[in-house]
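Would you be able to build a 3D model of this:
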Amino acid sequence: MCESRFWAVGNGQKMRAVLQRVSRAAVDVEGDTVGRIDVGWLVLLGVARGDADDDATRIAEKVAQLRAFEDDQGKMNRNVLEAGGSVLVVSQFTLLGDCRTGRRPSFTDAAEPSEAERLYLLVVERLRKLGLHVATGTFRAMMKVELVNEGPVTLLLDSRKAF
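This is a model prediction of the structure:
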């Protein structure tokens, strides 16, 4: 795939991720812990209408390769693998909420649940293929997410590089 087409900013929103560098994170569903990590990334993932496999691949590669973990000199020079970290991926369609008008967010840019789940699971699969230990939340469940943000470091990703 041509790099310039891959990064082209199209109409509407694309797959989004909020990355939080954590010393620990966990997600509970109905009182049971379904996913837990120590050092690594907590990834809140929102899948948009029109997203495709390429968007999932790009987000997974960026999560795995982003150098935001400290080296021996305290500089953000290591990726999550080099830091010996893991990833906790939690689906969060509200990242696609449009709050520009009115008093209630619109979620019309969010993907339909079946396609969102497929792409969410593809991100998880691609991260695992890149050598990462990956924990997850439960798709479409009411979840309680607990984390200790290290730094704090919080970064935003968009599969089409809109920001």
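
Give me the below-cutoff pLDDT ranges for this protein.
1-13, 163 (pLDDT under 70).

one more time with 50
1-11 (pLDDT under 50).

which strand is the longest one in it?
Determined from DSSP state E, the single longest strand within the chain is strand 143-158.

what comes up buried for that strand?
By 16 or more other C-beta atoms under 10 Å, the buried positions in strand 143-158 come out as 143, 145, 147, 150, 157-158. Glycine gets a C-beta too; all of them are placed from N, C-alpha and C.

nearest to residue 22, of those?
residue 147 (4.9 Å; C-beta to C-beta).

Next one: the closest residue to the closest one other than its chain neighbours from residue 33, what distance?
Of all residues not flanking residue 147 in the chain, residue 25 sits nearest, at 4.0 Å (C-beta to C-beta, 6 or more residues apart in numbering). From residue 25 over to residue 33 the distance is 11 Å, taken as C-beta to C-beta, to the nearest Å.

Tell me which stretches of this protein form helices.
For the chain, the helices defined by DSSP state H cover 3-6, 53-65, 113-129.

Take those helices and write them to a markdown table, including distance to residue 90 and mean neighbour count.
Listed next are those as a markdown table, based on distance: least, C-beta to C-beta, whole Å; neighbours: other C-beta atoms under 10 Å:
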| stretch | distance to residue 90 | mean neighbour count |
| --- | --- | --- |
| helix 3-6 | 25 | 9 |
| helix 53-65 | 13 | 19 |
| helix 113-129 | 9 | 18 |
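
Just put those in JSON lines and tack on distance to residue 73.
What follows is the helices of the chain, written out as JSON lines (distance: least, C-beta to C-beta, whole Å):
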{"stretch": "helix 3-6", "distance to residue 73": "32"}
{"stretch": "helix 53-65", "distance to residue 73": "20"}
{"stretch": "helix 113-129", "distance to residue 73": "27"}
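
Compare the ones you listed and report which one is nearest to residue 101.
Of those, nearest to residue 101 by C-beta to C-beta is helix 113-129, at 23.5 Å.

what helices or strands is that closest one leaning on?
Helix 113-129 is packed against strand 40-46, helix 53-65, strand 86-91, strand 134-136, with contacts defined by 3 or more C-beta pairs under 8 Å, 6 or more residues apart in numbering; DSSP states H and E.
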